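>>> Coordinates for the following, if possible.
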Amino acid sequence: MDERIVEAQLIIERLLHAMGFRTIVSVDDIYAVNKPNYEQVFGWLMTARINGEIAAYADLLPEEIINTPSDEVFRARFQAYWVQLGIDRQLAVLRKCLSIEAVDVDLEAADQEYLKHLIPGSVNLLNLSPHEWNEQKTAILNQATEGNGVLCLFDQNLSLVGMPETGGITLLGTTVNSANEHVVCGLLTQTIHKDDEISSIRGFAEEIGLGLDQFLPLSKDRLRGDPMDFADGLRMMWLNHVRQRLTKEVKQVAQEAYEEADRQLNALDVYDFDEIVLRSSEREGLWEPETLFRLFEVYRRSAFRQKIFAEAKPALNKNIEQIRLMRDVGSVQPEPSHFSGRVYQAAVSELYDGGQFLNSTHQPLEVGDIFEVGSGKHYILLGQPCDLMVRSDGMRVARTTTLVRVQVSAKSDPAKDPVPGAPLKYFGHFVNQSDGTGFVRFRDGCQVLLDVLDLAVFDRDGRCHFPVDPEAVKSLHKSWRERLARLTDRLLKEHAQFKEHGYGAMKAYPQKALRYRLLLADDFDKLGFAFKFDPSSGFQFGLRRIGRYRQPGSTRLLNRYFAFLARDAEEHDLFESLTNKQADT
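Down below sits the predicted model:
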């Protein structure tokens, strides 16, 4: 036997032992090929008769059957003829039908023979036709217990036995709905390629009304190449099953934590509510519902940790131990060279808030806000969080903040860049769905007036322009309505100054002076700000907020930036020439 098959057998045996499987059932219409069935053959003959192709069977059927005018008479005559045929003649008729239907019996049979080689002798392998499965199904499923699980693999196309081309999906659906948790089901089909297994599962699931975690389709390509492909398919099929139990446990814990938080929130009396939610929000200039949500999250997080670590840990550990046992089998296949878009989407969602959410809900500025400048340059806001807070009177402690340049780097470790800075993971996927890590270049920073950046809060697209959309005011809470009023007053005065001095006709240096007073950004060409002044419409500052690098990452980045600013400078070496001379000798 091929050495690779032997190796795959050992891996599969260890996998099945870790999964607790003792029986594998392969349901495929190919097992009926050597067991000719009257209804199956008659179905093909009737189809040929209806399509005017019955003459193709002239060398196998008597003329009086071929030329029968009535369908009922045809059935009666063929049934009588079939009964008196021997097994060899029945098989000949069957194989003629298969030939006309262009079914590659040899390939199907080779797949099942290969499957027999891959399944170790310690596992009970049952090869059943759909008819045999229906007869034995109840007994097989009833024997499934913990440590004696059953893995059912269904071929999708069961047309060889007169069933629909999707008959295997139907069998899988009824099995999943009637089996216990110790039965795992999957498709083993040649209708899909290995690379399409995950993309096809949604269509299969919708067809039979199952969840994506209740089964996994495997391509028969896995039986026609590297035997480790099949072993890896079994591993992922079991993982898909056990993750259902794990996620169900976690969702249950989360639901119980939600209910406990709801109970504690309702236990607050009106005086507690007034102090914790209303008065504290007013002091800090926060939106009251956001404070209420924060309080609810405090209760929920506390309850979740209590339940998951103290109460639900044994049940969760049981599922995790099964997963670890399976993974400890060893590397079945190398790590994937690429991941689906959902993996990157989850990674980005953990680290970043999207601009559509921030801007459409008019979220206040925070450390980590990402701005697009001009034709595609990106900057991240790195300012002390307390300085960014807008109080209830619309005022701030600080007037300016820092924007630092972010570039997408193709380097695997941009932190090794000689330019001082820090990496932003998955930044390329965040800004333009491409590979690449963001690199925050600490030396490329500039001071910008918060008055300008605040304009992004009032625009549904995050653009910094003035005047703002009056509709935005309706959804602002008190402190930001006050902020907008102060900002509007100042920018109207600035606009009048630009208009009075004839900004458009001024020379470059006076223009730069006016811009600097408005932006505090003195090198527009270098920064890429596409500033525009229109005497009739207002200011366009050429910045747009496109997202936010979330906590705690943004705070870590801010601390690294402050550490860069506070770095010590060594005094120059008075004896450098002497040191160099010693090195030369």
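>>> make it CA atoms for all contacts and neighbour counts henceforth
Fine.
>>> Pretty sure Glu13 sits against Pro120.
Yes: using CA atoms under 8 Å, Glu13 makes contact with Pro120 at a distance of 6.0 Å.
>>> ok, now which ones touch Leu151?
Phe21, Thr23, Ile24, Val25, Val183, Val184, Cys185, Gly186 (CA atoms under 8 Å, 6 or more residues apart in numbering).
>>> In JSON lines: the residues you listed, plus pLDDT and distance to Gln79.
Below are the contacts of Leu151 laid out as JSON lines (pLDDT from 0 to 100; distance: CA to CA, whole Å):
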{"residue": "Phe21", "pLDDT": "86", "distance to Gln79": "43"}
{"residue": "Thr23", "pLDDT": "92", "distance to Gln79": "38"}
{"residue": "Ile24", "pLDDT": "92", "distance to Gln79": "36"}
{"residue": "Val25", "pLDDT": "92", "distance to Gln79": "32"}
{"residue": "Val183", "pLDDT": "90", "distance to Gln79": "40"}
{"residue": "Val184", "pLDDT": "89", "distance to Gln79": "40"}
{"residue": "Cys185", "pLDDT": "89", "distance to Gln79": "37"}
{"residue": "Gly186", "pLDDT": "88", "distance to Gln79": "37"}
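>>> Give me the more crowded residue out of Glu13 and Pro120.
Glu13 (22 against 19; other CA atoms under 10 Å).
>>> ok, the more buried one - contacts?
Counted by CA under 8 Å, 6+ apart, Glu13 has contacts Ile119, Pro120, Ser122, Val123.
>>> could you measure it against Leu60, distance?
46 Å (CA to CA, to the nearest Å).
>>> Next: Arg77.
14 Å.
>>> thinking again about what came up before, would you mind putting the contacts of Leu151 into TSV with neighbour count and distance to Ile323 alongside?
Shown next, in TSV, are those (neighbours: other CA atoms under 10 Å; distance: CA to CA, whole Å):
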residue	neighbour count	distance to Ile323
Phe21	23	14
Thr23	21	20
Ile24	21	20
Val25	19	23
Val183	25	16
Val184	26	15
Cys185	24	18
Gly186	26	18
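>>> which one of these is nearest Met237?
Gly186 (7.1 Å; CA to CA).
>>> for that closest one, what are its contacts?
Leu151, Cys152, Leu153, Phe154, Leu172, Phe215, Leu216, Pro217, Leu218, Met237.
>>> Among those, which lie within strands?
Those of those mapping onto strands are Leu151, Cys152, Leu153, Phe154, Leu216, Pro217, Leu218, per DSSP state E.
>>> Could you pull out the buried residues of the one helix or strand Ile201 maps to?
Assigned by DSSP states H and E, Ile201 belongs to helix 197-208. Within helix 197-208, the residues that count as buried by 16 or more other CA atoms under 10 Å are Glu197, Ile201, Phe204, Ala205.
>>> Can you tell me, leaving aside adjacent residues, what's nearest to the third one?
If I follow you right, that is Phe204. Leaving aside its sequence neighbours, Phe204 sits nearest to Ile169 (CA to CA, 6 or more residues apart in numbering; 7.3 Å).
>>> Where does the one you found sit: helix, strand or coil?
Assigned with DSSP: H, G, I helix; E, B strand; the rest coil, Ile169 falls in the helix class.
>>> Can you list the residue ranges for helices in the stretch 301-450 of the chain?
Secondary structure of the stretch 301-450 of the chain, counting by DSSP state H, counting those that start in this stretch: helices at 313-327, 341-351, 355-360, 385-388, 427-432, 450-454.
>>> Top of the ones in strands among the contacts of Gly186 by number of neighbours, please.
Highest count within those by other CA under 10 Å belongs to Leu218, 31 neighbours.
>>> any idea how far Ser199 is from that one?
12 Å.
>>> Point me to the residue sitting farthest from the middle of this structure.
Glu64 (62.7 Å; CA atoms, centre = their mean).
>>> hang on, the earlier thing: adding distance to Leu453, write the ones in strands among the contacts of Gly186 out as CSV.
Converted to CSV, the ones in strands among the contacts of Gly186 look like this (distance: CA to CA, whole Å):
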residue, distance to Leu453
Leu151, 59
Cys152, 60
Leu153, 59
Phe154, 60
Leu216, 49
Pro217, 51
Leu218, 52
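>>> between the residues you listed, which is nearest Thr291?
Nearest member of the ones in strands among the contacts of Gly186 to Thr291, counting by CA to CA, is Leu216, at 43.6 Å.
>>> Which residue is the nearest non-sequential neighbour of that closest one?
Gly186 (5.0 Å).
>>> so what's the backbone phi/psi at that neighbour?
phi -160, psi 160 (degrees, to the nearest 10).
>>> Equivalent analysis for Gly211, please.
Dihedral angles (degrees, to the nearest 10) for Gly211: phi -80, psi 160.
>>> gap between it and Gly203?
11 Å.
>>> Pretty sure Leu218 sits against Lys194.
Yes: applying CA under 8 Å, one finds Leu218 in contact with Lys194, separated by 6.9 Å.
>>> low pLDDT regions in the stretch 251-400 of the chain?
328-341, 375 (pLDDT under 70).
>>> Now render the helices of the stretch 301-450 of the chain as JSON lines, adding mean neighbour count and distance to Leu286.
Output for the helices of the stretch 301-450 of the chain, formatted as JSON lines (neighbours: other CA atoms under 10 Å; distance: least, CA to CA, whole Å):
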{"stretch": "helix 313-327", "mean neighbour count": "15", "distance to Leu286": "37"}
{"stretch": "helix 341-351", "mean neighbour count": "14", "distance to Leu286": "24"}
{"stretch": "helix 355-360", "mean neighbour count": "18", "distance to Leu286": "16"}
{"stretch": "helix 385-388", "mean neighbour count": "15", "distance to Leu286": "12"}
{"stretch": "helix 427-432", "mean neighbour count": "19", "distance to Leu286": "28"}
{"stretch": "helix 450-454", "mean neighbour count": "22", "distance to Leu286": "16"}
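>>> Which parts of the stretch 251-400 of the chain are strands?
Ranges of strands within the stretch 251-400 of the chain are 352-354, 369-373, 377-381, 400-409, based on DSSP state E, counting those that start in this stretch.
>>> ditto for the stretch 1-150 of the chain
Under the criterion DSSP E, counting those that start in this stretch, the stretch 1-150 of the chain carries strands at the ranges 21-27, 124-128, 149-154.
>>> so can I have JSON lines of those strands showing distance to Phe42?
Shown next, in JSON lines, are the strands of the stretch 1-150 of the chain (distance: least, CA to CA, whole Å):
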{"stretch": "strand 21-27", "distance to Phe42": "22"}
{"stretch": "strand 124-128", "distance to Phe42": "21"}
{"stretch": "strand 149-154", "distance to Phe42": "24"}
